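> sequence first, predicted coordinates after that:
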Amino acid sequence: MTVDPQTTITLAVSGLAGLGMITAAALSGWRGWLALKHRELVELRRPEPVATMPSPASRIELADLKERIRKLEAIAAGVDL
């Protein structure tokens, strides 16, 4: 059985083309993975936001809401204020 040189060349070129496509896909996946890890590292380096004290107006509003809740609970329990 003899193999035609043209068939051998065609098979070799097809194999190289397939290998090139697989290599390109793997390289694209590798770059994507590296970009993901880079973003994760950037997120780790970002400083935590500093907690601020609530303003006096917001504390007064919160106290007012708590008082309203107490009154509504008393009404629900049947207690006269």
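That came through, no problem. Residues are numbered from 1 along each chain as shown.
> and the helix or strand residue 60 falls within, how far from the chain's centre?
According to DSSP states H and E, residue 60 maps onto helix 56-77. How far helix 56-77 lies from its chain's middle: 38 Å, per C-alpha atoms, centre = their mean, to the nearest Å.
> now swap in stretch 21-28 and tell me
25 Å.
> so for stretch 40-52, mean pLDDT?
Mean per-residue pLDDT for stretch 40-52: 81.
> flag every buried residue along that stretch.
With burial defined by 16 or more other C-beta atoms under 10 Å, not one residue of stretch 40-52 is counted as buried. To be clear about C-beta, it is placed using only N, CA and C from the backbone, and glycine gets the same treatment.
> with stretch 32-41 instead?
For stretch 32-41, it's none, nothing buried (16+ other C-beta under 10 Å).
> how far does that stretch sit from its chain's centre?
On C-alpha atoms, centre = their mean, the centre of stretch 32-41 falls 11 Å from that of its chain.
> and if you look at stretch 70-81?
Using C-alpha atoms, centre = their mean, the offset of stretch 70-81 from its chain centre is 46 Å.
> which positions in the helix holding residue 60 come out as buried?
So, applying 16+ other C-beta under 10 Å, helix 56-77 has no buried residues.
> going forward, count from 14.
Yep, numbering from 14; the last one is helix 69-90 now.
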